[in-house]
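Undergrad: Generate a structure from the sequence data that follows.
(3 chains)
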Amino acid sequence: MPKIDFEQALNAEQLAAATAPDGPALVLAAAGTGKTRTLVYRVAYLVEQGIDPGRILLLTFTNRAAQEMLERASDLVAGVSGIWGGTFHHLANRLLRRHAPVLGYGNTYTILDRDDSVTLVRRIIQDAKLQGREFPRPAVLLSLLGQATNKEQPLAGAVDGWFSDAAVTAAFGPEDVLKVLTTYTEQKRELDAMDFDDLLLNGLRLLREHDELRERYGEQFQHLLVDEYQDTNSLQAQCVDLLAGVHRNLTVVGDDFQSIYSWRGADYRNIMSFQQRYTDAKIYLLETNYRSVPEVLEVANVCIEGSRNQFPKTLRATREPYKTPTIVRLRDGSEQSFFVMQQVASLRREGYKLSEIAVLYRAHFHAMELQLQLSRDQVPYTITSGVRFFEQAHVKDVCCFLRVLQSDEDVMAFSRLLELLPGIGPKSSQRIWNKLGRKCDIYDLDLRHQIAEMLPAGAKAGWGNMEAAMPSGMSGVRFLGELVDAFVQTFYHDFAVETFENHRNRLDDLQGMSNYMERFESLTDFLGDIALLSNLDAEVEHLQEPGESLRLSTIHQAKGLEWSAVIVLWLVDGMFPSSRSLAESEEGEDEERRLFYVTVTRAKDELILCVPESRRMHDHSVIPCEPSRFITEIPPELVQEHMV
DNA sequence: CCCATCATGGTTTTT
DNA sequence: CCATGATGGG
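TA: Numbering: from 1, shown residues only, chains lettered A, B, ... in the order given. Sure thing, here's the model as predicted:
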C-alpha cells in the first residue's frame, strides 16, 4: 500500500488534528467540518506510524459509526481490522464477558433489554400489591433508576426528588418506590442479568476496583480515540480516564454545541472541562465547513448566538452561495404532509435522488400522518421507528429460543418461549419453571419429557415442534444460523402466520438474522452483540434494500448524517421545542436549541422548515399553534417565506 | 388460569 | 388513536 498523502487529503486544521503528537488532544469539530474524515485519517496515521492495531481503541456513539470509520481507514492502510471499535456498551460487554466473575456475575450473564426490565419491574410491582392507577409505571421507575445510575447519584435522593416534583397523592410513598427498585436490583443479581446501565456501571467498576485489570487494559490501549465526546455521561468519561491513565494518548472529538443526550445522563461539561482534567491537552479547532451552503450556515450561526455556555466558534463556509432556506406556513398537519409530497416531487425534478432527501422531526409520532400519505402515494421511504430491531416481538421470540439453548438459568427466556404455546401464560410458565427446580438444562431429554407432561393438551404439539429444532448439544452445531432456520421451520413459521398480519416481513427478518449469525463464533457472542445493536446498526444488516428511498428520521437518529435537502416538520411551540423538556429543567431550552442546530446543519443545499398553524388533537379538537421560537428569532432576510 | 373484550389515560429523544 | 390495565366468561 502506498504511503498516505495527508497534506493532499486534509486541510491544515484537519491535518494538525490527524497527525497530532502523543498526549491528550481535544478536537473541537463544528458541524460539517470533516470530523469523521479527520478521525479516519488519525486512525490510519497511528497504524502507519507502526502502532499495533490491537492496541488502539475507538469508541463511538453507534456500532455502525465505528464500523464505517474502520472500513474507510482500511482503504488507506493495511491492518486496521485488529482495532477495537464500538460503543461504550459494546466495550463494557467485551470486558465483562471475560471478567464478570470478579464482580460476582457468571460469564454467561444475560443482557436485559428495555422490555425485559419493564416486565421484571411490573412483576415486582404486582407481587408487592402496589399496582394500580396511581402507582408510577415501570418505565417511569426505570428511568428514575437510570438517571441515578448514570449520574452516580444515590437512588434514595432521586426518588425523593421525584416525589417532591410530582405532587403525588398519598396512596404510596417514596419508600414503596425505593423498595421496588431495590428489589429489581436484587433480582437482576439473582438472574445473573445486567441491563444497559449495569453494563456501563460494571464495566467501570472492573477498572476502578480492580487495579490489575485497570493496569492491564490501560497498558494494552496505547491510543484511545473517542468520538461524540460531548455526549458521554459521567460513567463513560471516568471509564475513558481510567483506560487512558497509563499512556495518556487520548484523542477526544466532539462539538459541545451538538450535545443532545443530557436526558440520558450525557454531560457536556465533560468536554468543557477536558482542559482542566488534562492540563497538557492540545486543542484543535475544525471550523471550516464543507457541507452546507452559506445560507444554511447563517441560520445555524443565529441559533448558536442565542445560547450561552459554549466554546466560541464560527462556522466558516467554503461552498458557493446557493439558495435561501425556506419557511413554509401551513394550515395543519395534513396540509403539511401534502406539501412534503409536493416538495419531494419537485426536488426530484431538480435532479435529487430520493435518498438525498430527508424529513426530520422531534418525535416519532410527528411523522405518522406523513407516513400514511407516503404509503398511499407509494413513495418508498425508510424510517427508523422507535422500536429497535432486537425488540420486535418476532426477533425476541427467536432470541429467547437461543437463550434457552445457551443458558439453563435464563428464566425470562424460558418463560417467554413457553408462553408462545397456546394456553400458556405467565402463571403456567412460572409453575413449570418452579417444578423443574428453577433450572432447565434443555439438552436433558428427560427434562424435556417432564415439561411435555406438565403442558395442557393444546400445547403439547407446539412443544414437540420446538423440541424438534433443539440440537443434541452445541458441539454438533456447525453454523449458528441453522438453529434459527430449524426453529422457524418446525415451529415459528406457522406461529408467525397465525399471529402476525405482516408475517412475510417478519420471517424475512429472521432469515436475515440467520445469515447475520454466521459471522459469530458462539451464541453468547451473538446474543450480546444483537442486544446492543441500535436501530441504525440493525438497519444496515436487515434492510439492505439498495433501492432508492426517502429517509424519515428523528433528529437524534440523524446525528452525524447529512442530506442534500432536509425538510423539517412541526416547527411549532410545544412540539419543537418540546414542552416537556422546557418544563423539565432550566437547561431544557438550551438542549432543544442545540437540537435545532443539529437539524439545520444536516442540510447541504436546501433547508425547508414547516410551520403548521394548527394541530388536530386525539379527541379531534383543533388547537392553534405558535411558530417555534427557533423560527421567529431568525432574521427575515435570512429566509424566504413560502405560501401554500 | 387464560384470553378476549372493554375502558381509560396519555404520548420525546435511546444505548 | 394506541397501548396498557381491569374485568368477566370459558
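
Undergrad: can we go C-alpha only for contacts and neighbour counts from here?
TA: OK.

Undergrad: quick one: least confident helix or strand in chain A?
TA: Least confident helix or strand of chain A, by mean pLDDT, DSSP states H and E, is helix A:535-542 with a mean of 54.

Undergrad: gap between whatever helix or strand comes next after that one and the chain center?
TA: Going down the chain from helix A:535-542, the next helix or strand is strand A:550-554, by DSSP states H and E. Distance of strand A:550-554 from the chain centroid (C-alpha atoms, centre = their mean, to the nearest Å) equals 16 Å.

Undergrad: Identify the residues contacting strand A:550-554?
TA: A:354-364, A:367, A:379-384 (C-alpha atoms under 8 Å, 6 or more residues apart in numbering).

Undergrad: Quick check: mean pLDDT of the very next helix or strand once past it?
TA: Downstream of strand A:550-554, the next assigned helix or strand under DSSP H and E is strand A:563-568. If you average the pLDDT over strand A:563-568, you get 94.

Undergrad: Parallel or antiparallel, which strands does strand A:563-568 pair with?
TA: If you go by DSSP bridges, strand A:563-568 pairs up with strand A:357-361 (parallel), strand A:603-612 (parallel).

Undergrad: Quick one: residues in contact with the last one.
TA: This means strand A:603-612. By C-alpha under 8 Å, 6+ apart, strand A:603-612 touches A:291-293, A:296, A:322-333, A:336, A:562-572, A:600, A:625, A:627-628.

Undergrad: Flag every buried residue along it.
TA: For strand A:603-612, burial by neighbour count (16 or more other C-alpha atoms under 10 Å) applies to A:A603, A:K604, A:D605, A:E606, A:L607, A:I608, A:L609, A:C610, A:V611, A:P612.

Undergrad: Give me the pLDDT for the second one.
TA: According to the predicted model, the pLDDT of A:K604 comes to 94.

Undergrad: swap in the last one?
TA: Looking at A:P612, its pLDDT is 91.

Undergrad: Who is it paired with across the strands?
TA: Taking DSSP bridges as the rule, A:P612 bridges to A:L330.

Undergrad: and if you look at the fourth one?
TA: In this entry, A:E606 is beta-bridged to A:A565, by DSSP bridges.

Undergrad: Could you check how far it is from A:Q258?
TA: A:E606 sits 21 Å away from A:Q258, going by C-alpha to C-alpha, to the nearest Å.

Undergrad: can you give me the strands in the stretch 151-300 of chain A?
TA: A:193-194, A:223-226, A:250-254, A:282-286, A:288-289 (DSSP state E, counting those that start in this stretch).

Undergrad: Show me what the first one is in contact with.
TA: Applying C-alpha under 8 Å, 6+ apart, the set of residues contacting strand A:193-194 from outside is A:Y109, A:T110, A:I111, A:L112, A:K188.

Undergrad: can you list the weak-confidence ranges in the stretch 501-644 of chain A?
TA: The stretch 501-644 of chain A contains residues with pLDDT under 70 at A:534-547, A:618-620.

Undergrad: now the contacts of strand A:193-194 in JSON lines, with distance to A:Q640 and neighbour count?
TA: Formatted as JSON lines, the contacts of strand A:193-194 follow (distance: C-alpha to C-alpha, whole Å; neighbours: other C-alpha atoms under 10 Å):
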{"residue": "A:Y109", "distance to A:Q640": "57", "neighbour count": "22"}
{"residue": "A:T110", "distance to A:Q640": "54", "neighbour count": "25"}
{"residue": "A:I111", "distance to A:Q640": "51", "neighbour count": "22"}
{"residue": "A:L112", "distance to A:Q640": "49", "neighbour count": "21"}
{"residue": "A:K188", "distance to A:Q640": "56", "neighbour count": "20"}
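
Undergrad: Now the buried members of the contacts of strand A:603-612.
TA: A:291-293, A:296, A:324-333, A:336, A:562-572, A:600, A:625, A:627-628.

Undergrad: nearest to A:Q220, of the contacts of strand A:193-194?
TA: Ranked by distance to A:Q220 (C-alpha to C-alpha), the contacts of strand A:193-194 are led by A:Y109 at 25.1 Å.
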